[in-house]
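**Student:** Provide a 3D model corresponding to the input given below.
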Amino acid sequence: MRVLVQRVGRASVSVDSATVGAVGTGLLALVGCRTDDSIDQVRWLADKLVHLRIFEDEEGRMNRSVRDIGGGILIVPQFTLYANVHKGRRPGFDDTMAPEAAEALIGRFVEIVRERAPGVSVATGQFGAHMMIDLVNDGPVTILLERDHA
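**Tutor:** This is a model prediction of the structure:
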């Protein structure tokens, strides 16, 4: 599982011109699943996401988490995070988890994030939909979270 995290001033996701999820200051997390991902990766990444200290403290140092600042998290499924572009010019998706399994695993990821981040607003995109994301990247700060498969 990969989670591409962006620190945002605001972020929203819409489907067919209707907003389906939005947050103010916080994190935008684009989430992709690989064929051999497991609940272990989900738990580890959810914990890492909610405790990631990428917000500035009084001294301007990245020392606060989204929980610490009372921010929000917008979680958006994005299967293209596992695109393979090593051969040719069209991305391949052989390592991408099947949609039904990926939807269930990302759903579990959202549940665990909500459990581990009480008081944090958690919004989501819509799995399988063509989504439009509007965001203000703060910094910019963009970090790729990934856990090796054991």
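**Student:** each with direction, which strands does the longest strand along the chain pair with?
**Tutor:** For the chain, the longest strand by residue count, based on DSSP state E, is strand 131-146. Within its sheet, strand 131-146 is paired with strand 2-15 (antiparallel), according to DSSP bridges.
**Student:** which helix or strand lies directly C-terminal to the partner strand?
**Tutor:** Downstream of strand 2-15, the next assigned helix or strand under DSSP states H and E is strand 18-23.
**Student:** show me what that next one is packed against.
**Tutor:** strand 2-15, strand 72-77, strand 121-124 (3 or more C-beta pairs under 8 Å, 6 or more residues apart in numbering; DSSP states H and E). The C-beta positions use only the backbone N, C-alpha and C, and glycine is treated the same way.
**Student:** buried stuff in it?
**Tutor:** By neighbour count on 16 or more other C-beta atoms under 10 Å, the buried set for strand 18-23 is Val20, Gly21, Val23.
**Student:** I'd say the first one and Ser14 touch.
**Tutor:** It stands for Val20. Yes: shown here, Val20 and Ser14 form a contact pair, counting by C-beta atoms under 8 Å, at 6.3 Å.
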